[in-house]
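1. Coordinates for the following, if possible.
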Amino acid sequence: MPNIALELGKQSAAFGVKSAYGEQQDVDGVRLIPVAVTWSGFGGGSDEAGNGGGGGGGYAIPVGAYIRRGDDLRFEPNIIALLTVAIPFVFFAGRALSRVIRALKK
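-> Numbering: from 1, shown residues only. This is a model prediction of the structure:
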């Protein structure tokens with residue numbers, strides 16, 4: 001039986017940066033290349049009786065697209081996706097910072 005952790009490691013190494021860029025699309029003479037932030041995780045285990053299992057998962061958040069019009073190439077962010085990610089991050093970072101400050105005052 002192959003080692004499942006090694007197999008998953010080999011497969012996840014293939015994801016890399018390529019998985020963060022979508023296929024090029026041409027719309028009315030404009031080229032679009034979608035960009036996303038991706039991450040994944042895998043796990044597995046077994047017991048002495050040979051019972052085992054594993055699983056994995058991943059996320060992809062669209063952050064914008066590269067847009068080429070003629071010779072002009074620029075990145076246009078997806079504001080809604082960025083706000084969806086940024087608002088919870090700022091909220092929890094602010095709460096953590098306020099607790100650190102409160103603990104340091106004591």
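2. List the contacts of residue 77.
-> For residue 77, the contacting residues are 63-64, taking C-beta atoms under 8 Å, 6 or more residues apart in numbering as the criterion. For every residue, glycine as well, the C-beta is placed using N, CA and C.
3. gap between it and residue 70?
-> In this structure, residue 77 lies at 21 Å from residue 70, with C-beta to C-beta, to the nearest Å as the measure.
4. Relative to residue 60, how far out is the residue most central in space within the chain?
-> Ranked by distance to the mean C-alpha position of the chain (C-alpha atoms, centre = their mean), the top residue is residue 38 at 2.2 Å. Spatial separation of residue 38 from residue 60 under the definition C-beta to C-beta is 5 Å.
5. can you pull out the helices in this structure?
-> Per DSSP state H, the chain carries helices over the ranges 4-15, 79-105.
6. for this structure, what are the low-confidence residue spans?
-> The chain contains residues with pLDDT under 70 at 1-6, 8-19.
7. Highest mean neighbour count out of the helices of the chain?
-> Compared across those, helix 4-15 shows the largest average neighbour count, a mean of 12 (mean count of other C-beta atoms under 10 Å).
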